[in-house]
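J.: Following is a predicted model, sequence given first.
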Amino acid sequence: MKILVINGPNLNFLGIREKDVYGDESYETLVSRIKQKGSQTGTEIECYQSNHEGAIIDRIQAAYSDGTDGIVINPGAYTHYSYAIHDALKSVESIVKAEVHISDIDTREEFRKNSVTAPACDFFIKGHGFAGYEEAVDLIINRLENKGGIV
């Protein structure tokens, strides 16, 4: 089973920016936790981060033909206005998708309360910190196994 974890803009600055919102653990710590989850579940996990909308869309589209079974995505600020990322996620309907947010977007600024990308995903997790990524991996694995898909 292959899962792609995509992180959008500014997530590479975890541990540097807005520690009161995102904590003081680094992006490298997040990637390490995700990779450890892959080892624990016997799942191949690739982590990808970009600050560029088009690059994120290109990576989603590449997932269609590279054997990716599931996508975990934190679109960052693109969550709130990128219909292009929404459309890219919708275009890979055969891939199980989970949107994750480290913080609870419903308790933040008004503009952050709406996700235009979540409707293109199968699951939505918010406010569980780094653990939300691990939860998303579990949800994707369970969905694939229960569909009679990849084991």
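T.: Yep, that arrived. For clarity, every value in this text was computed on a predicted model and none was experimentally measured. Residues are numbered from 1 along each chain as shown.
J.: Using the three-state scheme, assign the residue positioned nearest the centre of the chain.
T.: Closest to where the C-alpha atoms of the chain average out (Cα atoms, centre = their mean) is Ile73, at 1.8 Å. Using DSSP: H, G, I helix; E, B strand; the rest coil, the structure places Ile73 in strand.
J.: can I get the CA coordinates of the worst-scoring helix or strand of the chain on mean pLDDT in CSV?
T.: One helix or strand of the chain scores below all others by mean pLDDT, DSSP states H and E: helix 19-22, with a mean of 80. Output of helix 19-22 as CSV, limited to C-alpha atoms (Å, rounded to 0.1, in the frame of the first residue of the first chain):
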residue,chain,number,x,y,z
LYS,A,19,4.1,28.2,18.0
ASP,A,20,1.1,29.1,20.0
VAL,A,21,-1.1,27.6,17.2
TYR,A,22,1.1,24.8,15.8
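J.: List the buried residues of it.
T.: Residues Tyr22 are the ones in helix 19-22 that count as buried (16 or more other Cβ atoms under 10 Å). Placement of C-beta: from N, CA and C, glycine included.
J.: From the chain's centroid, how far away is it?
T.: Averaging C-alpha positions (Cα atoms, centre = their mean, to the nearest Å) puts helix 19-22 19 Å from its chain's average.
J.: So which residues make contact with that helix?
T.: 14-15, 102-103, 108 (Cβ atoms under 8 Å, 6 or more residues apart in numbering).
J.: Phi, psi for Gly76 please.
T.: phi 60, psi -140 (degrees, to the nearest 10).
J.: Then Phe124?
T.: Per-residue torsions, Phe124: phi -140, psi 120 (degrees, to the nearest 10).
J.: Would you quantify the distance from it to Ser65?
T.: Going from Phe124 to Ser65 by Cβ to Cβ, to the nearest Å gives 26 Å.
J.: So which of those two has more stuff around it?
T.: Taking neighbours as other Cβ atoms under 10 Å, Phe124 and Ser65 compare with Phe124 leading, 17 against 8.
J.: Please name the residues that touch the more buried one.
T.: 98-99, 115, 118.
J.: Report pLDDT for the residue nearest to the centre of the chain.
T.: What the model reports as pLDDT for Ile73 is 98.
J.: Please tell me I have it right and it contacts Ala118.
T.: No - between Ile73 and Ala118 there is no contact under Cβ atoms under 8 Å: 9.7 Å.
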